[in-house]
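>>> Next come a sequence and a model predicted from it.
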Amino acid sequence: MNAIGYIISLIITGLIVGFLGRLVVPGPNPMSIWATLGVGILGALVGSLIAGALGLGWLLTIILEIVIAALLVWFLASRSRTPGTGRPRP
């Protein structure tokens, strides 16, 4: 696959995995589309590396990518809230 095709597929995969990661985490997630894309790409890369090292199939790879993206969304959402109140930081 050429470099442009790889970048396009990485962006599409990142959006899908990031969206599914946001969907799994309950509550409001005030993330921009760029943050969703970044979380999705990072989740897809880390998940595919781990799944490749463990020799998992394609379905478990996708599930692992979504779980990692959901953990990243949860981490970013919890950092943006004021401790103890659950409200967004000013």
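Cool, got the structure.
>>> Spell out which residues sit in contact with the residue nearest the centre of the chain, please.
The chain has Ala69 as the residue nearest its centroid, 2.5 Å off, counting by C-alpha atoms, centre = their mean. Counting by C-beta atoms under 8 Å, 6 or more residues apart in numbering, Ala69 touches 17-18, 20-22, 39-40, 42-44, 47. Using the backbone N, CA and C atoms, a C-beta is placed for each residue, glycine as well.
>>> which among those end up buried?
Burial by neighbour count, 16 or more other C-beta atoms under 10 Å: within the contacts of Ala69 this picks out 17-18, 20-22, 39-40, 42-44, 47.
>>> Can you show me the helices along the protein?
For the chain, the helices defined by DSSP state H cover 3-24, 33-54, 58-79.
>>> could these go into a markdown table alongside mean pLDDT?
What follows is the helices of the chain, written out as a markdown table (pLDDT from 0 to 100):
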| stretch | mean pLDDT |
| --- | --- |
| helix 3-24 | 81 |
| helix 33-54 | 86 |
| helix 58-79 | 84 |
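>>> Please work out how many residues are found near Gly38.
Other residues near Gly38 come to 17 when the count uses other C-beta atoms under 10 Å.
>>> er, Leu15 actually
Residues within reach of Leu15, counting by other C-beta under 10 Å, total 16.
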